[in-house]
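[1] quick one, what's the 3D model for this:
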Amino acid sequence: MGNVEELEKICQKILKLDPKMRSARIINSRGHLMAGGMKKGIMSLEAQKQDEMMFMELALRVRMRHEFDHEFGQVHFSMSYREKVIVMSFPLANDDVLLVSSEKELDFGKVPFKILKIIVSLKNKMSTF
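    Predicted coordinates:
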């Protein structure tokens, strides 16, 4: 994957897609935060320790989803519509993952596909992405 500065730019670009965005983070395959965070002025709903657990669980889930790639094709993104927020995950190269959260009012029929376009354009620029 790209360097931290490039990853931060990606996260900032995603946060600017819609005013309802809350966070954009890139998590590595071991569940460690590589880049990104909460949008300025937005408070996280969970404590930092919970973040770490959520990132590790997400990394495991992304790896496990490969089990069904042969039958259903690769996962492009997953979304959870929760009581307080929408959480989306986008698998990247090497089992890294882009984790995005937004307010529930987000147009989730459009925004995830805008994020996919950003990811695809980056994959075309960076062969290791």
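
[2] quick one: the helices in this structure?
    Ranges of helices within the chain are 4-15, 48-65, 69-72, 111-125, based on DSSP state H.

[3] for the longest one, packing partners?
    What that stands for is helix 48-65. If contacts are counted by 3 or more C-beta pairs under 8 Å, 6 or more residues apart in numbering; DSSP states H and E, helix 48-65 sits against strand 21-27, strand 86-91, strand 97-102. In short, each C-beta sits where N, CA and C put it, glycine included.

[4] weakest of the helices of the chain by average pLDDT?
    Lowest mean pLDDT of the helices of the chain: helix 48-65, a mean of 83.

[5] need the residues that contact that one.
    25, 27-33, 44, 46, 75, 78, 89, 91, 95, 97, 99 (C-beta atoms under 8 Å, 6 or more residues apart in numbering).

[6] return the most buried member of the helices and strands packed on helix 48-65.
    strand 97-102 (a mean of 24; mean count of other C-beta atoms under 10 Å).

[7] who does it pair up with?
    Applying DSSP bridges to the sheet, strand 97-102 is found paired with strand 21-27 (antiparallel), strand 86-91 (antiparallel).

[8] right, so of those, which gets closest to residue 124?
    strand 86-91 (15.7 Å; C-beta to C-beta).

[9] in PDB, list the C-alpha atoms belonging to stretch 9-26.
    Extracted C-alpha coordinates of stretch 9-26, given in PDB (Å, rounded to 0.1, in the frame of the first residue of the first chain):
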ATOM      1  CA  LYS A   9      -5.100  12.100   1.600                       C
ATOM      2  CA  ILE A  10      -7.300   9.200   0.500                       C
ATOM      3  CA  CYS A  11      -9.200   9.300   3.900                       C
ATOM      4  CA  GLN A  12      -9.600  13.100   3.700                       C
ATOM      5  CA  LYS A  13     -10.900  12.800   0.100                       C
ATOM      6  CA  ILE A  14     -13.500  10.300   1.300                       C
ATOM      7  CA  LEU A  15     -14.600  12.400   4.200                       C
ATOM      8  CA  LYS A  16     -15.200  15.300   1.800                       C
ATOM      9  CA  LEU A  17     -17.600  13.200  -0.300                       C
ATOM     10  CA  ASP A  18     -20.600  14.000   1.900                       C
ATOM     11  CA  PRO A  19     -21.300  16.200   4.900                       C
ATOM     12  CA  LYS A  20     -22.800  13.100   6.700                       C
ATOM     13  CA  MET A  21     -19.500  11.300   6.800                       C
ATOM     14  CA  ARG A  22     -18.100  10.700  10.300                       C
ATOM     15  CA  SER A  23     -14.800   8.800   9.800                       C
ATOM     16  CA  ALA A  24     -12.500   7.200   7.200                       C
ATOM     17  CA  ARG A  25      -9.700   4.900   8.400                       C
ATOM     18  CA  ILE A  26      -7.400   2.400   6.800                       C
END
